[in-house]
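**Q** just coords:
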């Protein structure tokens, strides 16, 4: 009798939660095997994108040099430029492999999610990718030119700018990733709000602390010491924070 009641309760939960019970009943060995296969697929895709970028490295280098004008790049050792192109291909390939990685993670966890959870996580992950891409564009078109123009203008009367391309790439690479991660602030806010940890109104009321924190964070994340880059990044973080808090407040109401 108890077994029949439990079976009916399980069927009721299955219908209401829309769970994929076939996926949930898989043995742990099959879950591990699926994870291994998806990991191998991601590694193959990442290697493919890295290889493509290495074959097309010349136009990519020209694209990275475009934000700065009137600068001659030099290599300080015979193999510096070659190693730099390897780094560009590696980090660039990983960067463009992120959407594929997220898709593999989604396909892995999707069968175990309820219908309501699927309706939340998919838009959040999609928005996260879009914001990361916007962050990269913001760094390329705003932060990098602002920082480089500041340094060039500051030293133009006394020093002729001859830059190491490897050090230049390290500079913009850190700026790319730090800005892309900073643009995930609204996603973090929405997750905290949906979890009931903090409300949108509470976030809006804390704007003074956010201004201070964003200034400190931008000073840490920007590889340069110029105030222009730090203020641009801090302003972007504050705007994103207020947008996330506002959207969360409207959604909850």
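**A** Structure's in. What do you need? Worth saying up front: this structure is predicted, and the values here are computed from it rather than measured.

**Q** pLDDT weak spots in the stretch 101-250 of the chain?
**A** Along the stretch 101-250 of the chain, segments meeting pLDDT under 70 span 112-113, 117, 155-156, 223-226.

**Q** mind listing the strands for it?
**A** 162-164 (DSSP state E, counting those that start in this stretch).

**Q** Show me where it has its helices.
**A** Taking DSSP state H, counting those that start in this stretch as the criterion, the stretch 101-250 of the chain contains helices spanning 115-138, 144-155, 165-182, 185-194, 200-205, 207-221, 227-252.

**Q** can I get the ones you listed in CSV with distance to residue 72?
**A** From N, CA and C alone the C-beta is placed, and that goes for glycine too. Shown next, in CSV, are these (distance: least, C-beta to C-beta, whole Å):
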stretch, distance to residue 72
helix 115-138, 26
helix 144-155, 12
helix 165-182, 10
helix 185-194, 38
helix 200-205, 47
helix 207-221, 28
helix 227-252, 23
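
**Q** These: which one's closest to residue 60?
**A** Evaluated over these, closeness to residue 60 peaks at helix 165-182, with 10.6 Å, by C-beta to C-beta.

**Q** so can I have TSV of the helices of the stretch 101-250 of the chain showing mean neighbour count and distance to residue 81?
**A** Compiled in TSV, these are given as follows (neighbours: other C-beta atoms under 10 Å; distance: least, C-beta to C-beta, whole Å):
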stretch	mean neighbour count	distance to residue 81
helix 115-138	15	23
helix 144-155	17	20
helix 165-182	19	6
helix 185-194	18	36
helix 200-205	16	47
helix 207-221	15	27
helix 227-252	18	26
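
**Q** of all these, which lies closest to residue 89?
**A** helix 165-182 (11.4 Å).

**Q** neighbouring contacts of the closest one?
**A** Residues from elsewhere that reach helix 165-182, judged by C-beta atoms under 8 Å, 6 or more residues apart in numbering: 61, 64, 67-68, 73-76, 80-81, 83-84, 87-88, 91, 95, 132-133, 135-136, 138-140, 143-144, 147, 217-218, 221-224, 229, 233, 236-237, 240.

**Q** redo that, cut-off 6 Å
**A** 73, 80, 84, 132, 135-136, 138-139, 143-144, 221, 223, 237 (C-beta atoms under 6 Å, 6 or more residues apart in numbering).

**Q** what's the closest of the residues you listed to residue 186?
**A** Within the contacts of helix 165-182, distances to residue 186 taken as C-beta to C-beta reach their minimum at residue 237, with 10.3 Å.
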